[in-house]
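[1] Need a 3D model of the following:
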Amino acid sequence: MLDLIILSLHFFICFVIFVVIWRGPKDVDLHSSSTGTVEKESDGLILIGKEDDIKKSQRVTAKVDGREVVVFYHEGKFHALDSRCYHEGGPLCLGEIEDINGQACIVCPWHKFKITLETGEGLYEGINPLEPSPAPKWQSKGVKQRIHKVTVDNGKVYVSPPDLSVSFDSDYFAEKYKNGGELAMKK
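    Numbers count the residues shown, from 1 in each chain. Okay, here's the model as predicted:
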């Protein structure tokens, strides 16, 4: 009987942990008012925040023309990209940054997909079976994640709105999460 109680308690705890992880932390839209407007400059740039604040936090998530964008500060440079992974919409703002062959990459916390911060390329480790002793090498899948131009001016960080004339795999999830997740798909 004690075993059944312990097993039930174990399943309950696992369920609670699953729900907490599944719901995840809610990203804060730093520059949206209750009406959903953002500070847009006359040249179209969107204010993300103060340079020093972002340098301290190393990353911040904000809305740029309605889509979630994550801005990273890594090794002295700012990078901005869609906040949802091109593969299955994982929250890149929760990912770790790794160096892969001299390129800073964000690792999606859901499925460990690796995306370069500089170009948005998806990287994978593959082998050439035709080689006598195939060794895994990092290769590019091409640009999968939309990146956004970052401008720093007078201690403030701005992001340019996306150029939607070119599409990227991450656009699907950027649109899906644009208005609060699954609800965006039901319009």
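[2] give me every residue that touches Val157.
    Counting by CB atoms under 8 Å, 6 or more residues apart in numbering, Val157 touches Leu47, Ile48, Gly49, Lys50, Glu51, Ile54, Val71, Phe78, Val150, Thr151. Just so you know, the C-beta spots here come from the backbone N, C-alpha and C atoms, and that holds for glycine as well.
[3] Report the buried members of those residues.
    Listed as buried from those are Leu47, Ile48, Gly49, Glu51, Ile54, Val71, Phe78, Val150, Thr151; burial here means 16 or more other CB atoms under 10 Å.
[4] Throw the residues you listed into CSV and include distance to Pro136, thanks.
    Output for those, formatted as CSV (distance: CB to CB, whole Å):
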residue, distance to Pro136
Leu47, 43
Ile48, 37
Gly49, 39
Glu51, 39
Ile54, 35
Val71, 32
Phe78, 31
Val150, 33
Thr151, 38
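[5] These in helices, which ones?
    Among these, the members falling in helices (DSSP state H) are Glu51, Ile54.
[6] Just the mean pLDDT for stretch 51-71, thanks.
    Per-residue pLDDT over stretch 51-71 has a mean of 94.
[7] Which positions within it qualify as buried?
    For stretch 51-71, the neighbour count (16+ other CB under 10 Å) marks 51, 54, 59-65, 67-71 as buried.
[8] Same question for stretch 132-149.
    Val143, Lys144, Gln145, Arg146, Ile147, His148.
[9] Quick check: the farthest pair among the residues you listed?
    Farthest-apart pair in the buried residues of stretch 132-149 is Lys144 and His148; separation 14.6 Å (CB to CB).
[10] which SS state does Leu164 fall under?
    Following DSSP: H, G, I helix; E, B strand; the rest coil, the label given to Leu164 is coil.
[11] got the contact list for it?
    Leu164 neighbours (CB under 8 Å, 6+ apart): Asp171.
[12] rewinding a little: from the buried residues of stretch 51-71, which land in strands?
    In strands, defined here by DSSP state E, the members of the buried residues of stretch 51-71 are Arg59, Val60, Thr61, Ala62, Lys63, Val64, Arg67, Glu68, Val69, Val70, Val71.
[13] re the thing from before, so which of the buried ones among the contacts of Val157 is the closest to His87?
    His87 has its nearest neighbour among the buried ones among the contacts of Val157 in Val71, at 20.7 Å by CB to CB.
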